[in-house]
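K.L.:
Show me the folded form of this:
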Amino acid sequence: MAEMKDFGSDFVGEKESPKFKLHGEEFECVKAIQGKVLLNLTAKVASEDPAEQAAMITGFFKDVLISESYERFDALLDSKDKIVTVEALGEIVGWITGQLTARPEEQPKVS
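P.N.:
Numbering: from 1, shown residues only. Alright, predicted model coming up:
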């Protein structure tokens with residue numbers, strides 16, 4: 001008979017929501033994201049189609065920011081006065097990805 005492994009369900013644990021500031025505003029991320037979001041991010045970053053890369057970045061923020069923060073962040077990106085460069089967006093994506101994929105000090109217990 002084949003062995004069965006139960007991967008449990010609590011991979012988030014007690015992590016705090018990552019937060020960052022941009023143009024004096026604070027934005028809050030979710031505590032964890034689906035692995036599929038990161039897989040899609042990786043696939044689309046490798047794309048040579050700039051439109052696909054741009055769509056990936058805007059979709060990424062919708063997936064990783066809590067609703068209230070996403071609404072303010074999206075409005076900031078439409079601002080004519082407060083400019084957010086493509087390079088800044090890339091840095092923010094990298095930072096958030098690092099925060100949300102950082103391994104916890106203790107691995108979740110598998111039952």
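K.L.:
Name the helix or strand of the chain that has the lowest mean pLDDT.
P.N.:
Ranked by mean pLDDT, DSSP states H and E, the weakest helix or strand in the chain is helix 35-45, scoring a mean of 81.
K.L.:
next SSE after it?
P.N.:
Downstream of helix 35-45, the first helix or strand assigned by DSSP states H and E is helix 50-64.
K.L.:
the strands in the chain, which residues?
P.N.:
With DSSP state E, the ranges of strands along the chain come out as 19-22, 25-28.
K.L.:
TSV please, covering these and showing mean neighbour count.
P.N.:
Where C-beta positions appear, they are placed from N, C-alpha and C, glycine not excepted. Converted to TSV, those look like this (neighbours: other CB atoms under 10 Å):
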stretch	mean neighbour count
strand 19-22	13
strand 25-28	15
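K.L.:
and the nearest residue to residue 18 once chain neighbours are set aside, how many neighbours does it have?
P.N.:
Spatial nearest neighbour of residue 18, excluding adjacent residues (CB to CB, 6 or more residues apart in numbering): residue 99 at 3.9 Å. If you count neighbours by other CB atoms under 10 Å, residue 99 ends up with 16.
K.L.:
Lovely, talk soon.
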